Structures are given as structure tokens and as C-alpha cells.
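>>> heads up, no residue letters with this:
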Ligand code: SF4
């Protein structure tokens, strides 16, 4: 029986399908929730703290202020299922908090936030790409010294190797495509700030790179349509299996995919991505005119 197609794609769902179609089916076709994980929750916490920091007037964006914002973020997320669902003992909580603080401190080694001119934070973008809709959330959209658009994405995981970097940059160019279609201007730079090392990976979007994203997204959507029509999503084992929330239900590891619906029993857990949700920017865009 043909399965319902997802309503849209995101950089993250595209990457999931490329890495493992079975995992894509669990997350984006069956819409099964994923248990809270310390790594993902730490990322949410640090992103929130840096969002608060960027909402401050530029001269106030100091390290002390950022650590205060980390406390504010902790308080704001205290009742969030991503945090209440974490099963950590006291020592693990301490190390969770220490690592989050280290990520905030390392951010300051990458840039001086007092020089950043943000015009959008946690910005939800959406655009038609071929036969599908692409959605994405940009951590930070800013203007450089020449008034050109720059997209910044904070990463709290480890810096990828060369192969992974190419795949991550595919996502980066998708953000550039979304900006160009929604805002009418192509960003001059898209940067991934890997806080753990810390290291910045910077890409310059071009007409060719954006055209490549459009072509590849069209081909990928055709592959997803076919997989849904035939209910044929094959598992692709690899090192990502060690972090896969669905491994216990994966046929490649002796699991029964039919039993994965029991994940829905955890009422506190949220679906993996807000696909199909409205796309208003979280803050008002302050694009210069002319
Ligand atoms: S365990 Fe591995 S093969 Fe199975 S769904 Fe997850 S990523 Fe895919």
C-alpha cells in the first residue's frame, strides 16, 4: 500500500534520507518521536543561550552576559520534554552543564558577538523547490560590513571529516537557496560555527551551487515518492546506527519496525521536526531597503 508523502523536506530530512531511507521512514513518514538525548538537548540549550545573547544590544554581548543567558535558557527549558525526558544521574547532569558552558565559552573564540548585526534569529524559511516544499530554520541571519546577507548556523556536535563536511555543506547551500527564494537576495556567505573545537566552516553560495541543490532536491524527491509508492525504504547500516533512535526497531539489526509505534506511547516526546508548520519569522526581519 502506498504511504503518505511527507508534506515538505528540510536540510535535516534530506540528509536523513541520503544516510538511511529506513531511518527517514521512521522519522518523517511514520512521524515517530525520538527519545530525548543529552547531545540534542545540550544543543538546544546552547542555541537558546546564544539566541538570548544576540537579542541584547551589541555592546552588552560579553562572555559574562552569555553565561547569564545560559542560566536564563536553562530556566526557560526546565519543563521542556527534551530536558525532563533525560535520564541522567547527578554526575551526568553536572557534566552536561559543564559541557554546555564550555561550548558557550568556545563560541567567543570564533567571533566577537559585539560586531554581529543580526536581522533574524531562529528564522523559519520555506520555498517551493521543484515539486516539493523545502523548509529550514536558520539560527542567525545577519548583515556583513557591506550590507550583504550572511547565514550562520551553530553546531554543537563534533567537526565533521572531509566527506561529512561535503554533506553538511549541501545543507548549507539549501539555506542559501531558501534565503534567495524568500528574501530575493543570495547570501554572500554561509558559515557553520562548530563550537566544540572551535572551528568555522565557511561556504560561498554561487548560482551553480544553488542550481545543484535544486536539481539534487528534485531527484531526491522523486526517489522519496517512489519509496512511498512501493513502501520500500531500505536500511543503510553505518556508523550513524550507533546514534540511531530507532535501532531497536530496525530490521537490519533484527528489530521489528511494526513495533516502533510503541514510541508513540511516550506522550511527553515530540515529533522530530515541525514539518508543515507555519513559516513566519520568529523575529521581525530588518532588511535594509534599496
Ligand atoms: S539503525 Fe542504522 S540502518 Fe537501522 S534505521 Fe537506524 S541508521 Fe538506518
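Now that the structure is in, tell me what you want to look at. No experiment lies behind these values; they were computed from the predicted model shown.

>>> grab the nearest non-local neighbour of residue 44.
Nearest residue to residue 44 in three dimensions, chain neighbours excluded: residue 82, at 5.7 Å (CB to CB, 6 or more residues apart in numbering). Where you see a C-beta, it was placed from the backbone N, CA and C, and this is true even at glycine.

>>> look at that neighbour and give its secondary structure.
Following DSSP: H, G, I helix; E, B strand; the rest coil, the label given to residue 82 is helix.

>>> residue 145 too?
Classified using three-state DSSP, residue 145 is coil.

>>> for it, give me phi and psi.
Dihedral angles of residue 145 (phi, psi; degrees, to the nearest 10) stand at phi -60, psi -20.

>>> rewinding a little: OK, contacts around the residue nearest to residue 44?
For residue 82, the contact set (CB atoms under 8 Å, 6 or more residues apart in numbering) comprises 36, 40-41, 44, 270.

>>> hmm, 7 Å instead?
Going by CB atoms under 7 Å, 6 or more residues apart in numbering, residue 82 touches 36, 40-41, 44.

>>> likewise residue 264?
Residue 264 neighbours (CB under 7 Å, 6+ apart): 32-33.

>>> distance of it from residue 31?
9 Å (CB to CB, to the nearest Å).

>>> excluding chain neighbours, what is closest to residue 140?
Excluding its sequence neighbours, the residue lying closest to residue 140 (CB to CB, 6+ apart) is residue 152, at 4.2 Å.

>>> show me what that neighbour bridges to in the sheet.
Per DSSP bridges, the residues bridged to residue 152 are residue 140, residue 191.

>>> hang on, it packs against residue 189?
No - with contacts defined as CB atoms under 7 Å, residue 152 does not count as touching residue 189, sitting 8.8 Å away.

>>> the two: which has the busier surroundings?
For residue 152 versus residue 189, the count of surrounding residues by other CB atoms under 10 Å is larger for residue 152: 25 against 17.

>>> what distance do you get for the more buried one to residue 30?
33 Å.

>>> helix/strand/coil for the spatially closest residue to residue 129 that is not a sequence neighbour?
Nearest non-adjacent residue to residue 129, counting by CB to CB, 6+ apart: residue 217, 4.9 Å away. Recorded secondary structure, residue 217: helix (three-state DSSP).

>>> list the contacts for residue 217?
For residue 217, the contacting residues are 9, 14, 129-130, 134, by CB under 7 Å, 6+ apart.

>>> those in strands, which ones?
Using DSSP state E, the subset of these located in strands is 129, 134.

>>> so how far is the ligand from the spatially closest residue to residue 263 that is not a sequence neighbour?
Sequence neighbours aside, residue 32 is the residue nearest to residue 263 in space, at 4.8 Å (criterion: CB to CB, 6+ apart). Residue 32 is 11 Å from the ligand, where distance means CB to the nearest ligand atom, to the nearest Å.

>>> what sits against residue 32?
By CB under 7 Å, 6+ apart, residue 32 lies in contact with 26, 260, 263-264.

>>> okay, it and residue 261: tell me how far apart.
Distance check for residue 32 against residue 261: by CB to CB, it reads 7 Å.

>>> what of residue 153?
33 Å.

>>> who has more neighbours, the two?
The neighbour comparison of residue 153 against residue 261 (other CB under 10 Å) goes to residue 153, with 21 against 11.

>>> got a pLDDT number for the more buried one?
With respect to pLDDT, residue 153 has a value of 92.

>>> report pLDDT for residue 165.
The model's pLDDT for residue 165 equals 56.

>>> below-threshold pLDDT in the stretch 151-290 of the chain: ranges please.
Along the stretch 151-290 of the chain, the parts satisfying pLDDT under 70 run over 158-170, 266-290.
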